[in-house]
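Chemist: Return atomic coordinates for the entry below.
(one chain, ligands or ions: 2)
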Amino acid sequence: MASESQAKLPPYFSIDPDQALSSLGPSTGTDGFGVIARACDAGRQDLSSRGLEESGERSLRMFSTWEITRYLIPVAKGHFRRVLKANPDLPQGRSETTAGAKWFTLDEVLKLRAFFAAEGSKAKEYLPYRPADLPAKMVAVANFKGGVGKTSTAAHLAMSAALDGYKVLVVDLDSQGSMTSIFGGQVEDEWQTVFPLLARHYAGYQRLENQRRLDRGDIPQPLDDTLSDALDVKTQDIVQKTHWPNIDIMGAQLNLYWAEFQIPVWRMQGRGWKLWDALSDVFEEDGILGEYDLVFIDTPPALGYLTINGLAAADILLVPLGASFLEFDSTGRFFDMLHSTFSSIESAENLAARALGRDEMAFQWDAVRAVVTRYDSTQQAEMAALMQAYLGPTLSPHRQDFTALIGQAGEQVQGIYEADYRNFNRETYVRGRQTFDVTYAAFKQLLIGAWRRDELAQKEAVA
Ligand SMILES: Nc1ncnc2c1ncn2[C@@H]1O[C@H](COP(=O)(O)OP(=O)(O)OP(=O)(O)O)[C@@H](O)[C@H]1O
Ligand SMILES: [Mg+2]
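Modeler: Ligands and ions are numbered 1, 2, ... in the order given. Have a look, this model is predicted:
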């Protein structure tokens, strides 16, 4: 029997070398990574097939009268029921028992909302604010620190905006593809990611350059196969539908990482190519900003070319971070990197613009906000207050609480808006949902303010 002093020894003492050797197993070579990757893939497939419909499709849960009248359409329950009864052509919902609550698909909720907006009181906000002739707003969620809640924030905002009645496009620029899995996107290779759109933008630049070369009597540079093929790709070819009727996604997968090596090569060959404009130019050419109300861009934990493209395209930039010293410190350096990256692009461009007598350029965002995520008020109040004191209005005052409801979500149910509230204690659900509703409300405040600013500027320009 072990003596008392031995029993108290911490676990890293008394490790027997021979015993350690026998449990070590053989050394690992490159093939070992392949074996591990295949094991992960098999497990992943198992997980993702659970809870799928027979067709292999993912489906969104239903919404009850309680949830609709509490969260989605601002009407009293009694009035809601009377309106449905008086209009038998409207979706009537389904119930599990004769007297049970009625449940509706999100598609049906959207139809009901449109009906209330057309027929109901004009004083009520049935449809969210969206100036008619103005383009969609693009929102990038970025921080070069990993695991700060970029994807969770972007996914939850996309879902809350969709529930609120906006039409949403989600763009995954992260080759980890987390956002793509959340929305069930199927991406075979880089041709189903943003990659060919960036290639198309570069190919368009090269075609113009070739015209100039011909005009000067120089020999044009032929486009390689990738670039010629990319010229035919439209954003709409890549965008996929999701199990949300009003959320589409442009997916990502591992091969997208290749873009980080390819883009600098193109830039070397075409010094004048404005790579940072690629995403916004392509979306504009393809009419994406008229098709959607909001575009959410999830970025990788790095300030690479893809992130720069996403940031340059964005109107609103959200930078999630936890209320901890390490995340605050690292986020400060991220802003420093943003400053030097974008100012070096501006000075190089403007040097050339001045030489050619052209207008100078400057990047501009409607709003830039840091957002505290995974907030624990019992442990982090002091740190959050310090961050607030230094960052002032740049730090959104609405902190997104840490909630167990996110961690619990499995492969089929991603986050609070996809979870069925009947699986949780009602109070836990209401609190968990509240924290993401508040994050959305803070974002919507920025969105509406930015659209309003554009709307007033447009009126002034016409007057
Ligand atoms: N409010 C929250 N409460 C609890 N857990 C959260 C919350 N937000 C995010 N998480 C968890 O934190 C982890 C990291 O979140 P997420 O993947 O969104 O970060 P990320 O910044 O996108 O990471 P990466 O840099 O790898 O892209 C995830 O496990 C997620 O479930
Ligand atoms: Mg992420």
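
Chemist: list the buried ones in stretch 119-127?
Modeler: By 16 or more other C-beta atoms under 10 Å, the buried positions in stretch 119-127 come out as 120, 126. Every residue, glycine included, has its C-beta placed from N, CA and C.

Chemist: what sits up against it?
Modeler: For stretch 119-127, contacts defined as C-beta atoms under 8 Å, 6 or more residues apart in numbering pick out 73-75, 83, 113-114, 116-117, 165.

Chemist: can we see that at 7 Å?
Modeler: By C-beta atoms under 7 Å, 6 or more residues apart in numbering, the surrounding residues in contact with stretch 119-127 are 73-74, 113, 116-117, 165.

Chemist: Now, of these, which are buried?
Modeler: Of those, these count as buried by 16+ other C-beta under 10 Å: 73, 113, 116, 165.

Chemist: which residue packs closest to the first one, ignoring adjacent ones?
Modeler: The shortest distance from residue 73 to any residue that is not its chain neighbour, by C-beta to C-beta, 6 or more residues apart in numbering, is 5.4 Å, and that residue is residue 113.

Chemist: Surely that neighbour is in a strand?
Modeler: No - using DSSP: H, G, I helix; E, B strand; the rest coil, the assignment for residue 113 is helix, not a strand.

Chemist: after the helix or strand of the chain with the lowest mean pLDDT, next one along is what?
Modeler: Ranked by mean pLDDT, DSSP states H and E, the weakest helix or strand in the chain is helix 4-7, scoring a mean of 60. Counting by DSSP states H and E, the next helix or strand C-terminal to helix 4-7 is helix 17-24.

Chemist: right, and the helix or strand after that next one?
Modeler: Counting by DSSP H and E, the next helix or strand C-terminal to helix 17-24 is helix 30-49.

Chemist: Only the buried residues of the lengthiest helix in the chain, if you could.
Modeler: Looking across the chain with DSSP state H, the single longest helix is helix 426-462. Using 16+ other C-beta under 10 Å as the test for burial, helix 426-462 gives 429, 432-433, 435-440, 442-444, 446-447, 450-451, 454.

Chemist: Same check on stretch 84-100?
Modeler: For stretch 84-100, a neighbour-count test (16+ other C-beta under 10 Å) marks 84, 91, 93 as buried.

Chemist: Setting aside sequence neighbours, what's the nearest residue to the last one?
Modeler: Right, the one you point to is residue 93. Closest residue to residue 93 apart from its sequence neighbours, by C-beta to C-beta, 6+ apart: residue 102 at 3.2 Å.

Chemist: How about the contacts made by the one you found?
Modeler: Shown in contact with residue 102 (C-beta under 7 Å, 6+ apart): 64-65, 93-95.

Chemist: go on, residue 349?
Modeler: residue 361.

Chemist: how close does it sit to ligand 2?
Modeler: 30 Å (C-beta to the ion, to the nearest Å).

Chemist: how close does that residue sit to residue 262?
Modeler: Between residue 349 and residue 262 the computed distance is 22 Å (C-beta to C-beta, to the nearest Å).

Chemist: Give me the nearest residue to residue 61, chain neighbours excluded.
Modeler: Residue 61's closest residue in space is residue 420 (C-beta to C-beta, 6+ apart), at 5.2 Å.

Chemist: Around the one you found, how many other residues sit close by?
Modeler: Using other C-beta atoms under 10 Å, residue 420 is surrounded by 14 other residues.

Chemist: Okay, residue 298 and ligand 2: tell me how far apart.
Modeler: 6 Å.

Chemist: In contact with that residue, which residues?
Modeler: With C-beta under 7 Å, 6+ apart, residue 298 has these contacts: 141, 150-151, 154, 172-174, 179.

Chemist: Could you check which residue of the stretch 151-300 of the chain lies nearest ligand 2?
Modeler: Closest approach between the stretch 151-300 of the chain and ligand 2, counting by C-beta to the ion: residue 151, at 3.2 Å.

Chemist: picking that back up, which ones among the contacts of residue 298 lie within strands?
Modeler: 141, 172 (DSSP state E).

Chemist: Export the contacts of residue 298 as TSV, with columns for neighbour count.
Modeler: Compiled in TSV, the contacts of residue 298 are given as follows (neighbours: other C-beta atoms under 10 Å):
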residue	neighbour count
141	27
150	27
151	26
154	27
172	30
173	26
174	25
179	29
